[in-house]
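*Asks:* Show me the folded form of this:
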Amino acid sequence: MYAELEQVLLAVPPDGRRERYSAAIIDENVTGKRTASTRSLTNQRLGELYALDPVVPIFRVMRRYWDADQEGRRLLALLCALARDPLLRATVPPVLALDPDEELARQRMIDAIRSAADERLNDAIVDKVVRNTSSTWAQAGHLTGRVRKHRESVTASPYAVAYALLLGYLLGARGTRLFATLWTAVLDTSQEKLIFLAMDAKRLGALNLKHGGGVIEVDFTSILTPEEIRESHGTD
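*Replies:* You can find the predicted model right below:
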């Protein structure tokens, strides 16, 4: 739902609360849906994928980076959705396992989704999830093609790298482990280049970083609240 997200974020100011996003989608119909029921469903689904509430740190920070980084918006949206949607997250391995230009095998996606959902989804729902998740990866740039989808490499921006590091940080990764998480894996970028881009992100004010003597330290004290930092599960 990248197009809808883009329309909503254009219409709502950065400090808007969840109610303001709902009003933009349902009352003002900024996404151009034809019926009230479709507008309500769009509001629900965008809320599920992205929260649309600055109280939720992964949305608040995504919105901050989004406003500063037009180049990296598709990856920012993908990373946020991955953090909030377990079925989308289950499709990471079959997509990232593809070689450049290799065709995505539909059965791999089916198997990944069934493994994540056990027996809770019937065949029709699994088929819909496969279509939706494949579309998401295509919108992010990892796949190309309308019917048969093939792997493409994406290009990460400094803000996309900062956001991937933030998601790992909130889950407790620290030091070099921040550069080897699921979130950084979807950026199609070597660890060396990730560090280089993180240094650019530091210059842009997107994170705090110290690098020297084989040691790297990343934190988000200028981005997250003290309470949010305490709630992250760092053990280092």
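*Asks:* Surely Gly168 and Leu187 touch.
*Replies:* No. Checked against C-beta atoms under 8 Å, the pair Gly168 and Leu187 is beyond contact range at 11.7 Å. From N, CA and C alone the C-beta is placed, and that goes for glycine too.
*Asks:* buried sites along stretch 16-23?
*Replies:* Going by neighbour count (16 or more other C-beta atoms under 10 Å), the buried part of stretch 16-23 is 16, 18, 20-23.
*Asks:* Using CSV, please lay out those residues together with secondary structure and distance to Thr38.
*Replies:* Written out in CSV, the entries for the buried residues of stretch 16-23 read as follows (DSSP: H, G, I helix; E, B strand; the rest coil; distance: C-beta to C-beta, whole Å):
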residue, secondary structure, distance to Thr38
Gly16, coil, 22
Arg18, helix, 20
Arg20, helix, 20
Tyr21, helix, 16
Ser22, helix, 14
Ala23, helix, 16
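*Asks:* List just the nearest of these to Ala97.
*Replies:* For the buried residues of stretch 16-23, the minimum distance to Ala97 (C-beta to C-beta) is 35.4 Å, reached by Tyr21.
*Asks:* How about that closest one, nearest residue that isn't a chain neighbour?
*Replies:* Leu52 (4.0 Å; C-beta to C-beta, 6 or more residues apart in numbering).
*Asks:* List the buried residues of stretch 109-123.
*Replies:* Using 16+ other C-beta under 10 Å as the test for burial, stretch 109-123 gives 109-110, 112-114, 116, 121.
*Asks:* Who are the packing partners of the lengthiest helix in the chain?
*Replies:* For the chain, the longest helix by residue count, based on DSSP state H, is helix 123-140. Applying 3 or more C-beta pairs under 8 Å, 6 or more residues apart in numbering; DSSP states H and E, one finds that helix 123-140 makes contact with helix 73-84, helix 86-90, helix 106-117, strand 143-144.
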